[in-house]
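Novice: No sequence on hand, only this structure:
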Ligand SMILES: [Zn+2]
């Protein structure tokens, strides 16, 4: 008698490496007991953020700041890609963690790319952390309000 564990495999969807079960080619397979949905969502989002960074107007030297709507009324002036920002830890922990980041793009429609569950449909900046190069999204109005903006 032989038994082999179900295997997974990957394929490229654009620049995102997507995992599926090898037998049925499913991202979520109850037969193989495999669930790659969260992981694949992250991979798709990472690929999308990388693409947004490449396509950001600042990267082509033609940045024209847009007006970013907010929930509080007064619109914001968009920060240019390349702007250095610092995430301040206001939790009161000592020493506070100050994470240096760079804005790489603006997602004016926060409903896309899995941002919605985190941020509603607020416009978001895509920021990249100095520490490990990880990109993530953060609502524009919260960043302007809570973070330190180092150059603009
Ligand atoms: Zn399967």
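Specialist: Alright, I've got the coordinates. Just so it is clear, the structure is predicted and the values come from calculations on it, not from any experiment.
Novice: What are the buried residues along stretch 67-80?
Specialist: 68, 70, 76, 78, 79, 80 (16 or more other Cβ atoms under 10 Å). (Glycine included, C-beta is placed from N, CA and C.)
Novice: okay, now residue 147: neighbour count?
Specialist: If you count neighbours by other Cβ atoms under 10 Å, residue 147 ends up with 19.
Novice: show me the contacts for it.
Specialist: Residue 147 is in contact with 85, 86, 87, 88, counting by Cβ atoms under 8 Å, 6 or more residues apart in numbering.
Novice: how near is it to the ion?
Specialist: The gap separating residue 147 from the ion is 44 Å, by Cβ to the ion, to the nearest Å.
Novice: and what of residue 102?
Specialist: For residue 102, the distance to the ion - Cβ to the ion - is 40 Å.
Novice: from the contacts of residue 147, which is closest to the ion?
Specialist: residue 87 (40.1 Å; Cβ to the ion).
Novice: The closest one belongs to a strand, doesn't it?
Specialist: Yes: counting by DSSP: H, G, I helix; E, B strand; the rest coil, residue 87 is found in a strand.
Novice: wait, what's in contact with the nearest residue to it once chain neighbours are set aside?
Specialist: The shortest distance from residue 87 to any residue other than its chain neighbours is 4.3 Å, reached at residue 99 (Cβ to Cβ, 6 or more residues apart in numbering). By Cβ under 8 Å, 6+ apart, the contact set of residue 99 is 86, 87, 89, 129, 130, 131.
Novice: Next, residue 99: phi, psi?
Specialist: phi -100, psi 120 (degrees, to the nearest 10).
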